[in-house]
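Student: got a predicted structure plus its sequence, pasted below:
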Protein chains: 2
Amino acid sequence: AIAEAVANHFESGVLAGVSVVITAGPTREAIDPVRYITNHSSGKMGYALAEAARDAGARVTLISGPVTLQPPERVKLVRVNSALDMLQAAESELEHCEIFIASAAVADYRPATVAEQKMKKSGDEMSIELVKNPDIVATVAAHTPHPFTVGFAAETQDVEHYARGKLASKNLDMIVANDVSRKDIGFNSDNNAATVYWPEGQQTFDTMNKHLLARELVAILASRFSAN
Amino acid sequence: AIAEAVANHFESGVLAGVSVVITAGPTREAIDPVRYITNHSSGKMGYALAEAARDAGARVTLISGPVTLQPPERVKLVRVNSALDMLQAAESELEHCEIFIASAAVADYRPATVAEQKMKKSGDEMSIELVKNPDIVATVAAHTPHPFTVGFAAETQDVEHYARGKLASKNLDMIVANDVSRKDIGFNSDNNAATVYWPEGQQTFDTMNKHLLARELVAILASRFSAN
């Protein structure tokens, strides 16, 4: 009875009954069985978004790269490693997905070949050949029909320029941009600041706890989702 | 009074009053402000060695790459990121170091240049140029005088061949080798198996909890250290 009451409460949220898929965390791109390329994403923003969307009544699937966070309750968690794994997981969730939020920091490139054995040190120099990974959020937004699609842009310079460029070129409905060159916010911090852009407008959120920011982002995306 | 009793107890261990420096965990080699190359080392073996050496009466300094483990009590912890950081930390501890245990999984190579801004996606292919990192354990073992120096060899094939090769070429007193291609042990596992080689002998430890293995390794290295 408590569970039902809780469920009914959620059904009254701004995303009541809406299916939301969220990607979170970094990806790991294997060089060999021991080494890999990754990035500083902690997954905190994506996990906070999953909790905020759940609390707004959504049915949430969280596709997560390797992080050290506790899995959120009442959220379907799909664990992945590489960008290719994450794309496959995202596509298999698309049929019932109404909102897709791509907060993961997906590796743009992966090693062209993965060595089966640990590579031995040899020369003083070597190079790793890389090939481009698929762009997960752009792939999702290119589907017909496609879910309301929200991208993220972690930039170190010209934030608005790059964010608006990605919004248009990837056919996104909304993009959340932040400046990862700022030491006080971003990847490993509990706080974040962001500017949200959509084709007709934008809104800036100053530095705040990621859980609070997640609630603000869910409110604004629910409003844009309803308007669509 | 309790602290003194405890301290007196430790003074009676097989490494009573001996200064031990241990490196642990992976290193991170920056590609740009966001991306880096690393490896699957969890640091568990090195942290277990720090605790075992401390419990054997040693004064322990633990130089640790980025891990998610709790810092051991009554151990001096020095946190580092890159291989160059770790070498600098190791060299600054050498003056008072009697035993040096290099359990960290140090990146063999680092990117030749670190981009100041996040690199933008451009071509379908790219490459990362790498240069060799200094070999920390070999650098320590090349000092005159040098501490009793213990290396680690994580291999995926021909384990004894590579381990004995490193023992000789790096002028080590002892090397601990394991086969990281085995899924049941090694980097992220709580268990490990290892064979220890020194110039005149070797000893094999079958799969066991890393804390138990650490005690075995401390016992054997204390015995070889005394014999030297």
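Tutor: Arrived safely, thanks for sending.
Student: what residues are up against A:Ala115?
Tutor: The neighbourhood of A:Ala115, defined by Cβ atoms under 8 Å, 6 or more residues apart in numbering or on different chains, consists of A:Ile31, A:Asp32, A:Pro33. C-beta: built from backbone N, CA, C; applies to glycine.
Student: most neighbours, which of these?
Tutor: Of all the contacts of A:Ala115, the most densely surrounded is A:Ile31 (23 neighbours; neighbours counted as other Cβ atoms under 10 Å in any protein chain shown).
Student: what packs against the biggest helix by length in chain A?
Tutor: Using DSSP state H, we find that the single longest helix of chain A is helix A:210-227. Packing partners of helix A:210-227 (3 or more Cβ pairs under 8 Å, 6 or more residues apart in numbering or on different chains; DSSP states H and E): helix A:44-55, strand A:99-102, strand A:148-155, strand A:174-179, strand A:191-198, strand A:201-209.
Student: give me the contact list for the first one.
Tutor: Looking back up the chat, that one is helix A:44-55. A:10, A:13, A:15, A:20, A:22-25, A:60, A:62, A:64, A:67, A:69, A:72, A:74-75, A:99, A:101, A:103-104, A:152, A:188-190, A:192, A:210-211, A:213-215, A:217-218.
Student: how does it look with 7 Å?
Tutor: Outside of helix A:44-55, the residues that reach it under the criterion Cβ atoms under 7 Å, 6 or more residues apart in numbering or on different chains are A:13, A:15, A:20, A:22-25, A:60, A:62, A:69, A:72, A:74-75, A:101, A:103-104, A:190, A:192, A:210-211, A:214-215, A:217-218.
Student: try the third one
Tutor: Here strand A:148-155 makes contact (Cβ under 7 Å, 6+ apart) with A:98-103, A:105, A:137, A:140-141, A:162-163, A:166, A:170, A:172-180, A:221, A:225, A:228, B:34, B:118.
Student: strands paired with that strand, and their directions?
Tutor: Listed by DSSP bridges, the sheet partners of strand A:148-155 and their directions read strand A:99-102 (parallel), strand A:174-179 (parallel).
Student: give me the angle between it and helix A:44-55.
Tutor: Computed by axes from the mean of the first three to the mean of the last three Cα atoms, to 10 degrees, the angle separating strand A:148-155 from helix A:44-55 equals 160 degrees.
Student: CA atoms only for strand A:148-155, dumped as PDB, please.
Tutor: Output for strand A:148-155, consisting of C-alpha atoms alone and laid out as PDB, is shown next (Å, rounded to 0.1, in the frame of the first residue of the first chain):
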ATOM      1  CA  PHE A 148      13.000  14.300 -27.200                       C
ATOM      2  CA  THR A 149      16.800  14.300 -27.200                       C
ATOM      3  CA  VAL A 150      19.000  16.200 -24.800                       C
ATOM      4  CA  GLY A 151      22.800  16.500 -25.300                       C
ATOM      5  CA  PHE A 152      25.600  17.700 -23.100                       C
ATOM      6  CA  ALA A 153      28.600  19.700 -24.100                       C
ATOM      7  CA  ALA A 154      31.700  19.800 -21.900                       C
ATOM      8  CA  GLU A 155      33.800  22.500 -23.300                       C
END
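Student: chain center to that strand: distance?
Tutor: Taking Cα atoms, centre = their mean, to the nearest Å, one finds strand A:148-155 lying 7 Å from the centre of the chain it belongs to.
Student: give me the phi and psi for the residue positioned nearest the centre of chain A.
Tutor: The centroid of chain A falls nearest to A:Ser103 when counting by Cα atoms, centre = their mean (1.5 Å). In this entry, A:Ser103 is assigned phi and psi values of phi -90, psi -10 (degrees, to the nearest 10).
Student: and for it, nearest residue in space, chain neighbours not counted?
Tutor: Closest residue in space to A:Ser103, ignoring its immediate chain neighbours: A:Gly46 at 3.9 Å, by Cβ to Cβ, 6 or more residues apart in numbering or on different chains.
Student: and A:Leu49, by the same measure?
Tutor: The nearest residue in space to A:Leu49 (Cβ to Cβ, 6+ apart) is A:Ala214, at 4.7 Å.
Student: ok, the one you found - contacts?
Tutor: By Cβ under 7 Å, 6+ apart, A:Ala214 lies in contact with A:Ala48, A:Leu49, A:Glu51, A:Ala52.
Student: picking up where we left off before, which of the contacts of helix A:44-55 count as buried?
Tutor: Neighbour-count burial (16 or more other Cβ atoms under 10 Å in any protein chain shown) is assigned, among the contacts of helix A:44-55, to A:13, A:15, A:20, A:22-25, A:60, A:62, A:72, A:75, A:101, A:103-104, A:192, A:210-211, A:214-215, A:217-218.
Student: quick check: mean pLDDT across stretch A:140-159?
Tutor: For stretch A:140-159, the mean per-residue pLDDT is 91.
Student: same question but for stretch A:19-35, I mixed them up
Tutor: In the prediction, stretch A:19-35 has an average pLDDT of 95.
Student: and stretch A:52-69, by the same measure?
Tutor: For stretch A:52-69, mean pLDDT rounds to 97.
Student: so A:Asp190 sits right up against A:Asn209, yeah?
Tutor: Yes: with contacts counted by Cβ atoms under 7 Å, A:Asp190 reaches A:Asn209, the gap being 6.1 Å.
Student: just to revisit the earlier point, quick check on the contacts of strand A:148-155: which are buried?
Tutor: Burial of the contacts of strand A:148-155 was assessed by neighbour count (16+ other Cβ under 10 Å); the buried members are A:99-103, A:105, A:137, A:140-141, A:162-163, A:166, A:170, A:172-180, A:221, A:225, B:34, B:118.
Student: did I read that right, A:Leu84 in a strand?
Tutor: No: with the criterion set as DSSP: H, G, I helix; E, B strand; the rest coil, the secondary structure at A:Leu84 is helix rather than a strand.
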